[in-house]
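In: Here is the input, now give the coordinates:
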Amino acid sequence: MEDRISELESRVAFQEQMIDELSDVVARQDQILMDLSQAVKMLNQKVNSGQHDEMAVESVEPPPPHY
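Out: Residues are numbered from 1 along each chain as shown. Below is the predicted model of the structure:
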């Protein structure tokens, strides 16, 4: 009976350690996802503003001469 209790205590300790490690991994991944999400938003803004700038430049330029 004593061996069985020791084995269960050992398993519980191992599981608690694994839960803590997995929690740390999830927290790091959450931070990475937030950083990547912010980067995607910034890139989308740059792409969108770049497209608007190109359109503005095209509309300001006179049309090419026709032959």
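
In: Check Gln45 and give its pLDDT.
Out: With respect to pLDDT, Gln45 scores 94.

In: and it, how far is that from Glu7?
Out: Gln45 sits 57 Å away from Glu7, going by C-beta to C-beta, to the nearest Å. Glycine gets a C-beta too; all of them are placed from N, C-alpha and C.

In: what does Met42 give?
Out: 53 Å.

In: residue ranges for the strands of this protein, please.
Out: Ranges of strands in the chain, per DSSP state E: none exist.

In: where in it is pLDDT low?
Out: Residues of the chain that meet the criterion pLDDT under 70 lie in 52-60, 67.

In: Grab the most central residue of it for me.
Out: Leu33 (2.1 Å; C-alpha atoms, centre = their mean).

In: Distance check, that one against Val40.
Out: Distance from Leu33 to Val40, by C-beta to C-beta: 10 Å.
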